[in-house]
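> One predicted model, sequence on top.
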Amino acid sequence: MGSQSELEQRLVDLEMRVAFQEQALTELSDALAGAREEEGRNALLLHRVLEELKQMRMAMSTNPITGDASQEPPPPHY
């Protein structure tokens with residue numbers, strides 16, 4: 001009978017381990033999904049910034065900044 005009780009305890013232990021691993025996999029899967037969403041948002045933001053930079057470079061090449069101080073924005077105040 002001791003052997004039966006020992007087997008039952010081992011089975012309970014294994015079931016608990018599997019349940020723990022399933023929970024860990026679910027949490028990891030959720031974290032990975034969140035990271036992929038964030039990466040997608042960051043890629044979109046980077047694309048937008050690069051497009052804005054490209055537009056600014058084109059605008060500056062067609063209308064370069066001169067040495068005229070009146071065209072410069074005021075210095076920042078700290």
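Structure received.
> So, low pLDDT: which residues of the protein?
Within the chain, the ranges that satisfy pLDDT under 70 run 1, 65-72, 78.
> Helices of that one, start to end?
2-62 (DSSP state H).
> any idea how far the spatially most central residue of it lies from residue 8?
Residue closest to the average C-alpha location in the chain (C-alpha atoms, centre = their mean): residue 38, at 3.5 Å. Going from residue 38 to residue 8 by C-beta to C-beta, to the nearest Å gives 45 Å. All C-beta spots, glycine's among them, are computed from the backbone N, C-alpha and C.
> picking up where we left off before, quick check: the gap between the residue nearest to the centre of the chain and residue 20.
From residue 38 to residue 20 the distance is 27 Å (C-beta to C-beta).
> And residue 77, by the same measure?
Counting by C-beta to C-beta - residue 77 and residue 20 are separated by 58 Å.
> which of the two has more neighbours?
A direct count of neighbours by other C-beta atoms under 10 Å for residue 77 and residue 20 places residue 20 higher, at 10 against 4.
> residues contacting the more buried one?
By C-beta atoms under 8 Å, 6 or more residues apart in numbering, no residues touch residue 20.
> separation between it and residue 26?
Look at residue 20 and residue 26: by C-beta to C-beta, they are 11 Å apart.
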